[in-house]
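>>> mind looking at a prediction? Sequence and model below.
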Amino acid sequence: MATNRTFTMIKPDAVAAGNIGAITKMIQEAGFKIIAMKMTKLSAERAGQFYAVHSERPFYNDLCSYMSSGAIVPMILEKDNAVEDFRTLIGATNPKEAAEGTIRNLFAESIEANAIHGSDSDDNAFIEGSFFFSGLEQY
Ligand code: GTP
Ligand code: MG
């Protein structure tokens, strides 16, 4: 299992708003090395698989529609303490609660269209990275 890696995805609202460059710059300036990166689009079915852990939540169908509404930019990132440090960099799920200067504070539109995803554990970073990328060492 890879450690010191996390998985992220720039979400459709931030891609549509033209913020790929600004967000990627923040990620790199915070010390994360980009190991893998691409632009792609999820079907509603694939979005549902990615967020299957939330399938019982009331917002699940909206979340799947939103996540398949436009292009996304998934990435695998490397840094010491990657999972925790990246969650700090992106800020709280709800942008109204996200600390000043965090990615969600600067770029998120709403609790749903919140600009970026960040894995919440080393195990999920591995599972989520493998959902989008293959052929990488330890992925
Ligand atoms: P991710 O990094 O995307 O996993 O976000 P998170 O870990 O900060 O939040 P969580 O895993 O709890 O929720 C996953 C995603 O579902 C969020 O990022 C939002 O896009 C969406 N979401 C979470 N809570 C709500 C909610 O109360 N309402 C709506 N509409 N969407 C929500
Ligand atoms: Mg989450």
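Received it, and whenever you're ready, just let me know what you need. Predicted model only: the values in this text are computed from it and were never measured. Numbering: from 1, shown residues only. Ligands and ions are numbered 1, 2, ... in the order given.
>>> excluding residues flanking it in the chain, which one is nearest the residue nearest in space to the middle of the chain?
By Cα atoms, centre = their mean, the mean C-alpha position of the chain lies nearest to residue 117, the distance being 2.3 Å. Leaving aside its sequence neighbours, residue 117 sits nearest to residue 9 (Cβ to Cβ, 6 or more residues apart in numbering; 4.3 Å). In this view, the C-beta of every residue, glycine as well, is placed from N, C-alpha and C.
>>> so where's this structure uncertain?
Where the chain drops to pLDDT under 70, the residues are 1-3, 137-139.
>>> mind listing what the residue nearest to the centre of the chain touches?
7, 8, 9, 11 (Cβ atoms under 8 Å, 6 or more residues apart in numbering).
>>> residues near residue 39, how many?
As a burial measure, residue 39 scores 11 neighbours (other Cβ atoms under 10 Å).
>>> could you do residue 131 as well?
Neighbours of residue 131 (other Cβ under 10 Å): 15.
>>> for ligand 1, see how far away it is.
13 Å (Cβ to the nearest ligand atom, to the nearest Å).
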